[in-house]
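A.B. asks: Build me a model from this:
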Amino acid sequence: MKVSDKPLRILIIEDDEDHAFLESDILTDELDCRITVAGSKEEYEKVTIAEQDIVLLDFNLPDATGGELLHLIREKTDIPVIIITAQKDLKIAIETLKEGASDFLEKSPTNIKLLPSIVEKAHALYVQEKSAREQLKEKELLDTKVETLRQVLTTLSHYINNSTTTISGYAQLVQQFPNDRNKIDKFANISIKETRKITFVLKELEQFVNNMEIKTTNYVDIPNAMFNIEENIQNKMKEIENDSDS
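C.D. replies: Okay, the predicted model is just below:
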C-alpha cells in the first residue's frame, strides 16, 4: 500500500516516553518512515507541521487536550491525524472524528500491533483523496477556459459574420449592376473597411489567447471579460468607421 518512494514522515505527539518509543519502534520495524516525537503542546509548536505526512496524537497531554491540538493542526494542514486514546477517553476520541481526526486507536497490547497498517491505510487514503481533489480542480479550470474561449469566439464571430455579410451583399449588388461605377466604388470602400474590422477582430482573438490567464474555477468573471472584449471591439470599430468617413 506504499504510495511514495520517500520515507513516511510521522509525528508522534505523546507525553509517555515509553509509549512513544513503543509506537516508534513498531512503526520503524514495518514501515519505511521517519519519526519525530513531541511530548507536549509546547514541543509540538517547535515542529514544522508542513514537513509531516501523518500525526499520531495522544488524547491527553500535560498542557493540552487532543481536541485542542487537533484544532491547532487543522489550522495549518489537512494531513491525517490518528487519535491514540485510553479506554476511558474512547467516547471523547470518537467525537474528535467529527472535528477533523482521520481515525482513532485505543491503547492496548493487541491494538498497538495494528498501528502500522492503520497509519499506512490512512496515508494512502489521504493521498488518493488529495489526488482526486486536484484532478477535479484541474477539470474545473479547464472547463472554465473552454467556456471562456467559447464565449470569446461567439462574440468575435458575430463581428466577423457582420463584416462578411456586408461584403457579400455589396458584391451581389455589383454583380447585378456591373457598370454602376458608384456601386463599384462603394463596394471597394466597404470591402476595405470591413476587412480592416475582420483583421482587428482576429488580432483581438490572438491577443486574448496569448494572454489568457484564468485564475478562477467558476464562471463568475466571464460576463465581465466578455463585456470588456466587446467594448474594446466596439470602440475600435468606431475608430475604423471614423477613419473611413474622414
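A.B. asks: Quick one: the strands in this structure, in order.
C.D. replies: For the chain, the strands defined by DSSP state E cover 8-13, 33-38, 54-58, 60-61, 64-65, 81-85, 103-106.
A.B. asks: Domain ranges for this protein, per the record?
C.D. replies: Annotated domains of the chain cover 8-107, 136-245 [automatic domain parsing].
A.B. asks: wait, which of those domains is closest to residue 117?
C.D. replies: Closest to residue 117 of the domains of the chain is domain 8-107 (CB to CB; 8.1 Å). In this view, the C-beta of every residue, glycine as well, is placed from N, C-alpha and C.
A.B. asks: Give the closest residue to residue 83 in space, chain neighbours not counted.
C.D. replies: residue 104 (3.9 Å; CB to CB, 6 or more residues apart in numbering).
A.B. asks: ok, that neighbour - how many residues close by?
C.D. replies: Residue 104 has 22 neighbours, counted by other CB atoms under 10 Å.
A.B. asks: could I get the strands of the chain as CSV with mean pLDDT and distance to residue 164?
C.D. replies: As requested, the strands of the chain are exported to CSV (pLDDT from 0 to 100; distance: least, CB to CB, whole Å):
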stretch, mean pLDDT, distance to residue 164
strand 8-13, 96, 63
strand 33-38, 96, 67
strand 54-58, 94, 63
strand 60-61, 84, 75
strand 64-65, 86, 73
strand 81-85, 90, 63
strand 103-106, 86, 65
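A.B. asks: want to throw these into a markdown table with distance to residue 138?
C.D. replies: Listed next are these as a markdown table, based on distance: least, CB to CB, whole Å:
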| stretch | distance to residue 138 |
| --- | --- |
| strand 8-13 | 26 |
| strand 33-38 | 30 |
| strand 54-58 | 25 |
| strand 60-61 | 40 |
| strand 64-65 | 38 |
| strand 81-85 | 27 |
| strand 103-106 | 29 |
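A.B. asks: pLDDT score assigned to residue 237?
C.D. replies: Note for residue 237: predicted pLDDT of 65.
A.B. asks: tally of neighbours for residue 23?
C.D. replies: Using other CB under 10 Å, residue 23 is surrounded by 25 other residues.
A.B. asks: Also residue 32?
C.D. replies: A count of neighbours around residue 32, defined by other CB under 10 Å, yields 12.
A.B. asks: Quick check, it in contact with residue 7.
C.D. replies: Yes. The criterion here is CB atoms under 8 Å, and residue 32 meets it with residue 7 at 5.0 Å.
A.B. asks: What distance do you get for residue 31 to residue 10?
C.D. replies: Residue 31 sits 8 Å away from residue 10, taking CB to CB, to the nearest Å as the criterion.
A.B. asks: can I assume residue 105 is in contact with residue 117?
C.D. replies: No. When contacts are counted by CB under 8 Å, residue 105 is not listed as touching residue 117 (10.7 Å).
A.B. asks: got the residue ranges for the helices in the chain?
C.D. replies: All helices of the chain, identified by DSSP state H, fall at 17-30, 41-44, 66-74, 90-98, 115-176, 181-211, 222-245.
A.B. asks: Could you single out the most deeply buried of the ones you listed?
C.D. replies: helix 66-74 (a mean of 18; mean count of other CB atoms under 10 Å).
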